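>>> here is my input; please provide its structure:
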Amino acid sequence: MFYKDERLALFIDGSNLYAAAKALGFDIDYKLLRQEFERRGKLLRAFYYTALLENEEYSPIRPLVDWLNYNGYAMVTKPAKEYTDSMGRRKVKGNMDIELAVDAMELAPRLDHIVLFSGDGDFRPLVESLQRQGCRVSVVSTIRSQPPMIADELRRQADNFIELDALREVIGRPPRETREEETAETV
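Residues are numbered from 1 along each chain as shown. The predicted model follows:
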């Protein structure tokens, strides 16, 4: 439930939202996402959190980060850390949970409603704290994927759970591969 006069902010865990949308088979149109929540209340900020591989010549997320930065999103990034695990596999680590939590706690006194785009159960204590400060918290993720992308304890703590798949018609677009395949087939 949203109220037109409430001050709200979006906190988007980029990698978590990307994984949830991919599991449901669609891409997010971030222009439509922002418009949807501007329609629901007084959107003060839309934060997007992601780690970036700084040493690669081309990062597939760089165009998205640049577009979001120029189109009304507050970008919060940090360099991802690369390491080799015990099996000799190259791994990338870039958790942005602390940055998101600190920003949400700092803004809470100026907000009525926080929308968290993540299913990460580590955010349950954050949601509880934000609620104690008087904020209502909606969590956007999915239970329709296999396995579900939202931790049960986070879903239960939130004031409102928004199923990402239910937003597909409002903020979604077909995945890139599908559009390219359709174009190739019609040529």
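>>> all contacts plus neighbour counts: C-alpha atoms, from now on.
Will do.
>>> now what about the longest strand seen in the chain, what contacts it?
The longest strand of the chain (DSSP state E) is strand 42-52. For strand 42-52, contacts defined as Cα atoms under 8 Å, 6 or more residues apart in numbering pick out 4-15, 34, 37, 59, 61-62, 72-80, 94-96, 99-100.
>>> buried set for that strand?
For strand 42-52, a neighbour-count test (16 or more other Cα atoms under 10 Å) marks 42, 43, 45, 46, 47, 48, 49, 50, 51, 52 as buried.
>>> tell me what the first one is bridged to.
The residues listed as beta-bridge partners of residue 42 by DSSP bridges are residue 7.
>>> what of the last one?
According to DSSP bridges, the partner residues bridging residue 52 are residue 79.
>>> pLDDT weak spots in this structure?
56-58, 175-187 (pLDDT under 70).
>>> the strands in it, which residues?
7-13, 27-28, 42-52, 74-79, 81-84, 90-93, 113-117, 136-141, 160-163, 172-173.
>>> circling back: drop anything exposed from the contacts of strand 42-52.
7-15, 34, 37, 73-76, 78, 80, 94-96, 100.
>>> just to revisit the earlier point, the strands of the chain into CSV, with extra columns for distance to residue 125?
Supplementary listing: these in CSV, determined by distance: least, Cα to Cα, whole Å:
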stretch, distance to residue 125
strand 7-13, 15
strand 27-28, 27
strand 42-52, 19
strand 74-79, 21
strand 81-84, 26
strand 90-93, 22
strand 113-117, 13
strand 136-141, 12
strand 160-163, 16
strand 172-173, 30
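>>> picking up where we left off before, put the alpha carbons of the longest strand of the chain into CSV.
Provided in CSV are the C-alpha atoms of strand 42-52 (Å, rounded to 0.1, in the frame of the first residue of the first chain):
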residue,chain,number,x,y,z
LYS,A,42,6.9,11.5,-3.6
LEU,A,43,10.1,9.8,-4.7
LEU,A,44,13.0,11.6,-3.1
ARG,A,45,15.8,9.3,-4.1
ALA,A,46,16.5,6.1,-6.1
PHE,A,47,19.8,4.5,-5.1
TYR,A,48,21.4,1.7,-7.1
TYR,A,49,24.2,-0.3,-5.5
THR,A,50,26.7,-2.3,-7.5
ALA,A,51,30.4,-3.4,-7.4
LEU,A,52,32.4,-2.8,-10.6
